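Trainee: Sequence and predicted model, in that order:
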Amino acid sequence: MGPDEILELSATELSRLIPGRELSSSDAVSAAVTRLERLEDKLNAFITVLREPALAEAKKADEEIAHGRNRGPLHGVPVTIKDMFETAGVRTTGGSKILADWVPETDSALVERLRAAGAIIIGKTNLDEFGHGGTSTLSHFGPVHNPWNIDRIAGGSSGGSAAAVASRIGPLSYGTETGSSVRRPASYCGIVGFKPTFGIISRHGSFRGAWSQDHVGIFARSVKDITLGLDPVAGFDARDPASVHQEEPAYAARLDANVKGLRVGVLRRFLEGVNPEVRQAFEAALKVLAETGCEIVDLDVPELSYAAMTSMMTSSAESAGINRHWFRERYHDFVPHVAKGLAVGMTITASEYLTVQRARHRIREALRATFEEVHIIAAPTTARVAPLLSEGVRGNGDDARHASDNHSNLLRFPSMLGLPGCSLPCGLNSEGLPVGLQLVGAWFADQAVLNTAFAYQSTTDWHTRRPALA
Amino acid sequence: MTDKNKFAHRLALLEGAIFSPSDLESIVQEIEDNQRIVTELEEFSQGDPWIASQVQPAGKKV
């Protein structure tokens, strides 16, 4: 099997072929790293490349298989991680000049669990500084480019991870999300991005963006691969105060495309300003969901008009609290736009923050009632396709500063409320750029979200499309 | 042009960080904007007795 064929293999296929000795981990890792190095001058998706350590680990993984030892479901599978996660002996920058040369002594919980499952980390991906952004242009290491069109952004803040998976540089990547940092880049890069319920994956050893909104999320080309990548990293961890006790994760085993009778709600008031081609792709996706047996119902949750600004204010205040020491000592070393954002957050008072949290509770209660009526809320993930790099940080078209029917309310409420959310490809616009479908479920209804996404992918082929660059 | 003196007490919270005049102008504009936002959210959340907390450990397997 040649490198190009290997790179098209899913994580699920690799997890069968490598233990079955039909393909070596060394060949899989070598193909991924070589692809990475070939595209890196175009994408700038990585901050640290781990060619030699990864190849050494792959060799060891092959030896283990030869001796009958299989560490777990990701044995020998090449993966990438956002440079938000601490890695023992490997620099961990957060995309910041402040930590440009910092080498942690211990692994984050995510990395511990990936290694225990046999995964091989081939590189650490580029991002907006400490996750503060939605474009992946606010990195000390330069902007990430979108593999579908390198003049466009990959979305952020986990843009490097999304660009890598879309380019077939490893079938899985792990990122973080505080506002929309998994789902937005997944949408812009034409892949699947899944963020589970708050507390499902431990955040221990990852940089904080905003304590009460931070999640770990996963990127893959298919929902099936998302579940393969989710099972080994989900589970209780006492070192993360938000971590929840869970049954042994079995998302992959329980993946089921039978979603007949599931009620899927649509919040049309927030779709008015959505780009027409994006809206068209979304309406087509609803028809597919209806054909799979879902019941599509219109909803109205006017409280969501306040979601984006409540999320933004929460994130602003918490990120200022998190970065207060560095802001005092080294504010000039932050990316300028990030430094300005932190400065604004520093001026939010405690009583103002708590006022925002009251609003957040009201929105939460409105959503709690909504999920008594429907199982899933569907929306276009983003209001437009990936904007041009030249449009800067405003290119996403978000409005988080007004109570309005702007689509950004739909993008930001899942992380603000800790709900499971998934973006999956549902079309290409006339310029050949990907459009994303967002599916959101109630708290701990992660399996229902994944099953709905799986049902969609079982009858469509948008997730098999790839950028010419790949 | 925003009146910076009006926000002097807020800017004191920056604890000595120095920004260019244009950056300071945009920071002050956002502070002013935040005050409007908080006023709107206060009105919106009147009658709601609680503040939000994210999902807490369930104490049992979920």
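Mentor: Cool, the structure landed. Numbers count the residues shown, from 1 in each chain, chains lettered A, B, ... in the order given.

Trainee: where exactly do the strands run in the stretch 101-250 of chain A?
Mentor: Secondary structure of the stretch 101-250 of chain A (DSSP state E, counting those that start in this stretch): strands at A:120-125, A:145-146, A:149-153, A:172-177, A:192-195, A:215-220.

Trainee: between the first one and strand A:215-220, how big is the angle?
Mentor: Angle between the axes of strand A:120-125 and strand A:215-220 is 110 degrees (criterion: axes from the mean of the first three to the mean of the last three CA atoms, to 10 degrees).

Trainee: For strand A:120-125, what does the pLDDT average out to?
Mentor: When pLDDT is averaged along strand A:120-125, the result is 98.

Trainee: next one: it to chain centre, how far?
Mentor: Distance of strand A:120-125 from the chain centroid (CA atoms, centre = their mean, to the nearest Å) equals 16 Å.

Trainee: and the host helix or strand of residue A:5, what does it pack onto?
Mentor: For residue A:5, the host element (DSSP states H and E) is helix A:3-8. Helices and strands touching helix A:3-8, by 3 or more CB pairs under 8 Å, 6 or more residues apart in numbering or on different chains; DSSP states H and E, are helix A:25-43. Heads up, the C-betas are built off the backbone N, CA and C, glycines and all.

Trainee: that older thread, tell me the buried residues in the helix holding residue A:5?
Mentor: A:6-8 (16 or more other CB atoms under 10 Å in any protein chain shown).

Trainee: Let's have these in CSV, adding pLDDT.
Mentor: Formatted as CSV, the entries for those read as follows, by pLDDT from 0 to 100:
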residue, pLDDT
A:6, 98
A:7, 98
A:8, 98
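
Trainee: okay, which residue is most central for the chain?
Mentor: All of this is about chain A. residue A:182 (2.2 Å; CA atoms, centre = their mean).

Trainee: that answer is for a different chain, and I need it for chain B
Mentor: Chain B, centroid-nearest residue using CA atoms, centre = their mean: residue B:34 at 5.1 Å.

Trainee: List the contacts of residue A:306.
Mentor: Contacts of residue A:306 were listed using CB atoms under 8 Å, 6 or more residues apart in numbering or on different chains, and they are A:359, A:362-363, A:403, A:409, B:40-41, B:44.

Trainee: which residue packs closest to it, ignoring adjacent ones?
Mentor: When the adjacent residues along the chain are set aside, residue A:306 lies closest to residue A:403, with 5.0 Å between them (CB to CB, 6 or more residues apart in numbering or on different chains).

Trainee: immediately after the host helix or strand of residue A:369, which helix or strand?
Mentor: Under the assignment given by DSSP H and E, the secondary-structure element containing residue A:369 is helix A:350-373. Elements were assigned by DSSP H and E; along the chain past helix A:350-373, the next helix or strand is strand A:376-380.

Trainee: looking only at pLDDT, what's the mean for that following strand?
Mentor: Taken as a whole, strand A:376-380 carries a mean pLDDT of 98.

Trainee: counting contacts, what elements does it pack onto?
Mentor: For strand A:376-380, the contact count by 3+ CB pairs under 8 Å, 6+ apart identifies strand A:263-266, helix A:276-291, strand A:434-441, helix A:446-459 as packing neighbours.

Trainee: From the contact counts, what lies against the following helix or strand past that strand?
Mentor: Heading C-terminal from strand A:376-380, the first helix or strand you meet, by DSSP H and E, is helix A:408-417. If contacts are counted by 3+ CB pairs under 8 Å, 6+ apart, helix A:408-417 sits against helix A:183-189, helix A:307-322, helix A:350-373, strand A:434-441.

Trainee: Helix A:350-373 and helix A:408-417, what's the angle between them?
Mentor: Using the same axes, to 10 degrees, one finds that helix A:408-417 and helix A:350-373 are set 100 degrees apart in direction.

Trainee: follow-up on the earlier one: please see if the helix or strand hosting the residue nearest to the centre of chain B touches chain A.
Mentor: Assigned by DSSP H and E, residue B:34 belongs to helix B:21-45. Yes. With CB under 8 Å from any CB of the partner chain as the threshold, helix B:21-45 lies in contact with chain A, specifically through B:23, B:26-27, B:30-31, B:33-34, B:37-38, B:40-42, B:44-45.

Trainee: Once you drop chain neighbours, what's closest to residue A:40?
Mentor: Setting aside the residues directly before and after it, residue A:40 is nearest to residue A:46 in space (CB to CB, 6+ apart), at 6.0 Å.

Trainee: where does that neighbour sit relative to residue A:181, distance-wise?
Mentor: Applying CB to CB, to the nearest Å, the value for residue A:46 to residue A:181 is 17 Å.

Trainee: between those two, which one's more packed in?
Mentor: Per other CB atoms under 10 Å in any protein chain shown, whichever of residue A:46 and residue A:181 has more neighbours is residue A:181, with 34 against 25.

Trainee: picking up where we left off before, for the helices and strands packed on strand A:376-380, which one sits closest to residue A:127?
Mentor: When the helices and strands packed on strand A:376-380 are compared by CB to CB, strand A:434-441 sits nearest residue A:127, at 19.0 Å.

Trainee: Share the number of residues neighbouring residue B:36, please.
Mentor: If we define neighbours as other CB under 10 Å, then residue B:36 has 12 of them.

Trainee: Pull out the buried residues from the worst-scoring helix or strand of chain B on mean pLDDT.
Mentor: The helix or strand with the lowest mean pLDDT-type score in chain B, counting by mean pLDDT, DSSP states H and E, is helix B:8-11 (a mean of 92). Of the residues in helix B:8-11, B:10-11 count as buried by neighbour count, 16+ other CB under 10 Å.

Trainee: what does stretch A:77-93 give?
Mentor: By neighbour count, and taking 16+ other CB under 10 Å as the criterion, the buried residues in stretch A:77-93 are A:77-87, A:90, A:92-93.

Trainee: Can you check the distance spanned by that stretch, start to finish?
Mentor: Using CA to CA, to the nearest Å, the span of stretch A:77-93 from its first residue to its last is 24 Å.

Trainee: Give me the below-cutoff pLDDT ranges for the stretch 351-470 of chain A.
Mentor: For the stretch 351-470 of chain A, no stretch is flagged by pLDDT under 70.

Trainee: For it, which residues are neighbours of chain B?
Mentor: Near chain B, when you scan the stretch 351-470 of chain A using CB under 8 Å from any CB, you find A:352, A:354-365, A:401, A:403, A:417-418, A:443-444.

Trainee: Give the phi and psi angles for the nearest residue to residue A:17 once chain neighbours are set aside, as a check.
Mentor: Nearest residue to residue A:17 in three dimensions, chain neighbours excluded: residue A:23, at 4.1 Å (CB to CB, 6+ apart). The phi and psi values for residue A:23, taken as degrees, to the nearest 10, are phi -150, psi 140.

Trainee: Let me know whether residue A:23 touches residue A:15 as I believe.
Mentor: No. In this structure, residue A:23 sits apart from residue A:15 without contact. The criterion is CB atoms under 8 Å, and the distance is 10.6 Å.

Trainee: Which one's more surrounded, these two?
Mentor: Of the pair residue A:23 and residue A:15, residue A:15 is the one with more neighbours under other CB under 10 Å, namely 26 against 21.

Trainee: What sits closest to that one if chain neighbours are left out?
Mentor: In space, residue A:15 comes closest to residue A:73 once its chain neighbours are excluded; the distance is 5.5 Å by CB to CB, 6+ apart.

Trainee: in terms of contact, does residue A:124 touch residue A:46 like I think?
Mentor: Yes. Under the criterion of CB under 8 Å, residue A:124 lies in contact with residue A:46, with a separation of 6.7 Å.
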